[in-house]
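> Turn this into a model:
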Amino acid sequence: MKPRVEAPLQILVVALALCGIASAHSVQEPDAKAHTGKSDPTSRVTIEVSGGEKDGPVENASVYLKYVQERKLKKNKKVELNVKTNREGTAHIPEAPTGRVLIQVVADGWKTYGRWYDITDAKQTIKVHLEKPPRWY
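Residues are numbered from 1 along each chain as shown. As a prediction, this is how the structure comes out:
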């Protein structure tokens with residue numbers, strides 16, 4: 001009678017092991033999809049900052065990209081990305097969200113710039129022109 005008890009026990013162990021593999025496989029699939037970014041598309045945004053009458057590049061300007069990350073269960077989260085421009089006046093944001101974003105540019109000696117943009121393309125270039133502030137006497 002022992003062989004009859006051990007056979008169902010072995011079948012039960014094998015069945016539980018297969019269920020464990022199947023459940024582990026189903027848990028890994030959504031994580032893999034989440035990392036590919038299919039549910040949360042992103043874009044590479046290049047911001048070119050120039051200023052003045054000669055339209056020269058503005059280096060070391062702070063570029064802020066602000067957007068609202070919508071959530072289903074919790075309150076929406078406000079996200080802010082901050083980058084600096086290089087010598088050519090360009091700033092790269094490699095993983096900007098697609099949709100409506102606020103871009104603000106702050107630089108010493110220039111008027112602060114802010115405007116809403118719709119990010120729709122996978123690679124998008126935005127040109128920003130800064131002006132000198134009015135002179136106070």
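> Would you map the helices across the protein?
Under the criterion DSSP state H, helices of the chain are mapped to 2-36.
> mind listing the strands for it?
All strands of the chain, identified by DSSP state E, fall at 42-51, 56-57, 62-69, 77-84, 90-97, 99-106, 113-119, 123-130.
> does Val128 really touch Val45, like I thought?
No. Using C-beta atoms under 8 Å, Val128 is not in contact with Val45; the gap is 11.6 Å. Heads up, the C-betas are built off the backbone N, CA and C, glycines and all.
> And these two? Which one has more around it.
In this comparison of Val128 against Val45, neighbours counted by other C-beta atoms under 10 Å, the higher total goes to Val45 at 26 against 21.
> dump the residue contacts of that one.
Going by C-beta atoms under 8 Å, 6 or more residues apart in numbering, Val45 touches Leu65, His92, Ile93, Ala96, Ile119, Gln124, Thr125, Ile126.
> distance of it from Gly52?
When C-beta to C-beta, to the nearest Å is the yardstick, Val45 and Gly52 sit 24 Å from each other.
> Find the least confident helix or strand in the chain, judged by mean pLDDT.
In the chain, no helix or strand scores lower on mean pLDDT, DSSP states H and E than helix 2-36, which sits at a mean of 47.
> Pull the contacting residues for Thr120.
When contacts are counted by C-beta under 8 Å, 6+ apart, Thr120 is found next to Ser43, Thr98.
> mind checking how far it is from Ala61?
From Thr120 across to Ala61, the span is 24 Å (C-beta to C-beta).
> picking up where we left off before, show me which of the contacts of Val45 is closest to Glu80.
Ranked by distance to Glu80 (C-beta to C-beta), those are led by Leu65 at 7.3 Å.
> for that closest one, which residues make a bridge with it?
Using DSSP bridges, the beta-bridge partners of Leu65 come out as Leu81, Ile103.
> So for it, what's the pLDDT?
Here, the pLDDT recorded for Leu65 equals 94.
> Wait, it touches Ile103, no?
Yes. Using C-beta under 8 Å, Leu65 and Ile103 qualify as a contacting pair, with a distance of 5.7 Å.
> in terms of contact, does Ser62 touch Val106 like I think?
Yes. Taking contacts as C-beta under 8 Å, Ser62 lies within contact range of Val106: 4.6 Å.
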